[in-house]
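Visitor: Sequence plus predicted model, see below.
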Amino acid sequence: MELHHNSRIVFRLLAVACVVMLVAGVLIDSALLAAASAALAVGLLLPLTLPHHASPATVPVDNDAAGSDRPQPEPAAPSAGAPIPGPMELTRAPISLEPEAVLGAVADAVASAGDPLAVSLWLDDEASSTIRHVAAIGRMPPSSQPITREGDDPIARACSDGAAHLEQVALVRGRGEPLGLWRFALPLTAGAHHGAVAIDLGRDGAPDAAFLPQATAPLRAALAGALALHISRAELETARELVGIARSLSRVLDPREVLALALEHAMHISDAATGSVMLLEEESGRLTIAESVGLPADVVERTTLSTGEGIAGWVLATGQPLLVEDLPARTPAARRHGVRSAVSVPIADDDGTLGVLNVGSRSFPARFTDSHLAALELLGRQTATALRNARAIGESRALYFDTLKALALALETKDPYSSGSTERVLELADALGDVFSLPAEERDALRIAALLHDIGMASVGEAVVASDKTLTTVERALLKLHPQIAADILAEAPALRRVVPIVYHHHEWYDGTGYVGGATGEGIPLGARILSVADAYVAMTSDRPYRSAMNRRDALRELRDKAGTQFDPAVVDAMLDIMRDGSNRVPGPDRER
């Protein structure tokens, strides 16, 4: 009697703690925390209101403890010959709302009705018409694969009709006589979410159908709290991941990289097998695949959809996300590619729809849930914002580069012998930069350096630049200053800080005998070594006041002869490969005399 009294005091203290948690949940505006705390508080207080020696047969199946408004059937009568449990012992309260802890308490509560082989918790996902495994304990836990709501499993029926179900689902064969595996499934409600707890008992003969609801009644609220805790954790983890995704997308400035990163995150969130990003073409008004994973190349190339056509076309037309299960029964394309389930969400923001994000699964039922749908829909909005930003930055860069190009071409008009040279140097440097796989920022710096590397010539004077006579020592010294002058001019613009070293060093020699700084080998920036080869080739194949242009064969021979002294051998080799395999990439006169 004293032990029972002390246990009731412990229960009350735990309930008070849960009330404190409830108040905290309200204050921090956490509905799920408040719901979970309230559920556990009710679950702890409820056993204290039950008579200690209440008859199990007098306790009905009561869903109100978990807040359910689903109709309940009358409990089944005890089966003939089934043992009637004795007076109920005080139900052990779970030490926490961790699903495993609550399921352990349930197993203890029903142990007198049979061998609790497993107790499992399930979440009903109405969007996909499946029931998802949350947690399980015991020696023979059920499969964690989703269960279809239309199935015959007691768990499916409990979630579908909101009633408790007891049924033999298998025979357990051990050393002795086989035992029946009886599954008792009880519906649960946690806020707006529904689910079920399944108790698998091993015994010879049916368990008492009236005892199981009564034995689990004190724990129904704790079970609802465990379900709410699982949901809140999943939503919190998704929210954290989406915040990280938004941060990473905001750092990407290339539209293609935005699409690739968004698709990578979408497939990670949903654990999908296939995925694609389809963009809306402004001129045709059709969707085409811009990025994909797990799809055949021919599918990517030929797939195009109009508004309202197919799943992605429907999403484009309505602006609504869509989760579709059992695709092989719906579309021939799904049968060909083995996709059984799919989620499609619009890539859209307040300014309109840019495309559709798709992920697919080759299993059925898939693990796509309503939470996946909501997370992917938010990712679609983040992708739209990031894509617009990247496009705007790209357009600004293009305008900026075009302005610099116009400036370089204007300076070029002062020297009739350099007409067209700027664009030739630019295209050749760009081709070499591609060979060396320069990062985007270094590539941009090289292109700008190719445009502006000779702006220092304006300070040397037209008489020196256009002279057809041998230069004096002073004139040659002035000419050698043009990289320094150009670098000083560009240094005034902070945005061009990566360009300055390339321009400053583009007349350095690989062996250290060049100018301005006397740098050598790898000490010369790669961009400057590339620009040196491009500039020298264009200069040799252009007319000058003091000589005629070389043909391409002689210019390439000169580069090859000076490799290792004036030029970087690796850059010269790349130049020879370009001219051998794709000379059309390098504009200019083809002088093969």
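Guide: Sure thing, it's come through.
Visitor: what sits against the residue positioned nearest the centre of the chain?
Guide: Centroid check for the chain by Cα atoms, centre = their mean gives His265 as the closest residue, at 0.8 Å. Listed by Cβ atoms under 8 Å, 6 or more residues apart in numbering, the contact set of His265 reads 241, 245, 248, 379. Glycine gets a C-beta too; all of them are placed from N, C-alpha and C.
Visitor: What separation is there between the third one and Gln382?
Guide: Computed with Cβ to Cβ, to the nearest Å, the distance linking Ser248 and Gln382 is 10 Å.
Visitor: how distant is stretch 387-402 from the center of its chain?
Guide: How far stretch 387-402 lies from its chain's middle: 24 Å, per Cα atoms, centre = their mean, to the nearest Å.
Visitor: What of stretch 555-574?
Guide: For stretch 555-574, the distance to the chain centre is 45 Å (Cα atoms, centre = their mean).
Visitor: Over to stretch 170-188?
Guide: 42 Å.
Visitor: what stretches of the stretch 251-400 of the chain score poorly on pLDDT?
Guide: The model of the stretch 251-400 of the chain has pLDDT under 70 over residues 326-339, 363-367.
Visitor: For His268, grab the count of nearby residues.
Guide: 13 (other Cβ atoms under 10 Å).
Visitor: Then Glu377?
Guide: Residues near Glu377, counting by other Cβ under 10 Å: 16.
Visitor: Name the SS class of it, please.
Guide: Taking DSSP: H, G, I helix; E, B strand; the rest coil as the rule, one finds Glu377 in the helix state.
Visitor: go on, Pro141?
Guide: Under three-state DSSP, Pro141 comes out as coil.
Visitor: so what's it up against?
Guide: Counting by Cβ under 8 Å, 6+ apart, the residues that Pro141 touches are 118, 120.
Visitor: Could you check how far it is from Val300?
Guide: From Pro141 to Val300 the distance is 41 Å (Cβ to Cβ).
Visitor: do the same with Pro501
Guide: 41 Å.
Visitor: Looking at those two, which is more packed in?
Guide: More crowded of Pro501 and Val300, by other Cβ under 10 Å: Pro501, with 18 against 14.
Visitor: Which residue comes closest to that one once chain neighbours are left out?
Guide: Pro525 (4.9 Å; Cβ to Cβ, 6 or more residues apart in numbering).
Visitor: The one you found against Val500, yeah?
Guide: No. Using Cβ atoms under 8 Å, Pro525 makes no contact with Val500, being 9.9 Å away.
Visitor: who's more crowded, those two?
Guide: Remark: of Pro525 and Val500, Pro525 carries more neighbours, 23 against 20, as counted by other Cβ under 10 Å.
Visitor: so what's that one up against?
Guide: So Pro525 contacts 501-502, 505 (Cβ under 8 Å, 6+ apart).
Visitor: ok, now Ile137?
Guide: Taking Cβ under 8 Å, 6+ apart, we find Ile137 in contact with 100, 103-104, 107, 118-120.
Visitor: partner residues bridging it?
Guide: Here Ile137 sits in beta bridges with Val119, as judged by DSSP bridges.
Visitor: Could you list the domains of this structure?
Guide: If you go by automatic domain parsing, the domain ranges for the chain are 57-77+91-234, 252-391, 413-585.
Visitor: where does the stretch 1-150 of the chain dip in pLDDT?
Guide: 1-90.
Visitor: please redo it, this time with the cut-off set to 80
Guide: Counting by pLDDT under 80, the ranges of the stretch 1-150 of the chain that qualify are 1-92, 127-128.
Visitor: again with the stretch 401-550 of the chain
Guide: 409-420, 457-479, 543-547.
Visitor: make it 70
Guide: For the stretch 401-550 of the chain (pLDDT under 70), the answer is 413-420, 458-471, 474, 546.
Visitor: Show me where it has its helices.
Guide: Chain-ordered helices for the stretch 401-550 of the chain, with DSSP state H, counting those that start in this stretch as the definition, fall at 421-435, 440-452, 457-460, 462-465, 473-480, 482-491, 499-505, 526-540.
Visitor: ditto for the stretch 251-400 of the chain
Guide: According to DSSP H, counting those that start in this stretch, the helices that the stretch 251-400 of the chain contains are 255-270, 297-302, 310-318, 332-337, 370-412.
Visitor: Dump those helices into CSV; add distance to Thr541 as well.
Guide: Shown next, in CSV, are those (distance: least, Cβ to Cβ, whole Å):
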stretch, distance to Thr541
helix 255-270, 34
helix 297-302, 39
helix 310-318, 51
helix 332-337, 52
helix 370-412, 16
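Visitor: hey, what's the closest residue to Met267 other than its chain neighbours bridged with?
Guide: Ranked by Cβ to Cβ, 6+ apart and with sequence neighbours excluded, the top spatial neighbour of Met267 is Gly275, at 4.7 Å. Gly275 has these beta-bridge partners by DSSP bridges: Val293, Val359.
Visitor: Relative to Arg362, which of the contacts of Pro525 is nearest.
Guide: Ile502 (49.6 Å; Cβ to Cβ).
Visitor: If we go by neighbour counts, what in stretch 340-355 is buried?
Guide: Buried residues in stretch 340-355, defined by neighbour count with 16 or more other Cβ atoms under 10 Å: 340-349, 353-355.
Visitor: still on that earlier bit, look up how far Val300 lies from the residue nearest to Met267.
Guide: According to Cβ to Cβ, Gly275 stands 12 Å off from Val300.
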